[in-house]
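>>> Generate a structure from the sequence data that follows.
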Amino acid sequence: MPASDMAGDDGKAAGAMLAIGELAVRIGVPTHVLRYWETRFPQLKPLQRSGRRRYYRAEDVALAERIHHLLHVRGFTVEGARKALSEPASEAGAAPAPRAVSMRETPDAGAPARVAGIPVEALVALRQRLAAALD
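Predicted structure coming up:
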């Protein structure tokens, strides 16, 4: 197989390690966010070489992409994402964990769910439009 077939979009081989800057560009977050995630997600442990340079293996890249998806696409909190990552893989991506009911929500079970006067369906549709605009 030619080397070009094995390279990713960034010109590196599929299994090559990424520097923190390369991973940041790949998933679209600043490098300080990746360093913050390392403090909050114990599973994210890049290799650190001389000068404390971080290098992310393929499994680290996949985990960082999953964290990004949970936080920025699905809208999880850091704690919610941590819980989702600790669940078995089949359950973690299924649905967000139940959330606490706010005092501002309408208690009428027959009415559509509302948060601060805005129907949840409208908020979900807005999030989807924003996510599509960013892609």
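>>> Give me the longest helix you can find in this protein.
Across the chain, the helix with the greatest residue count (assigned by DSSP state H) is helix 120-134.
>>> Residue 130: neighbour count?
Residues near residue 130, counting by other CB atoms under 10 Å, number 10. For every residue, glycine as well, the C-beta is placed using N, CA and C.
>>> again with residue 87
What residue 87 shows, counting by other CB under 10 Å, is a neighbour count of 12.
>>> Give me the pLDDT for it.
Turning to residue 87, the model gives it a pLDDT of 80.
>>> do residue 117 as well
At residue 117, the predicted lDDT confidence score is 57.
>>> Next, give phi and psi for residue 54.
When read as degrees, to the nearest 10, the backbone of residue 54 gives phi -90, psi 140.
>>> what are the bridge partners for it, then?
Beta-bridge pairing of residue 54 under DSSP bridges involves residue 48.
>>> so it makes contact with residue 48?
Yes - Residue 54 is within contact range of residue 48, at 5.8 Å (criterion: CB atoms under 8 Å).
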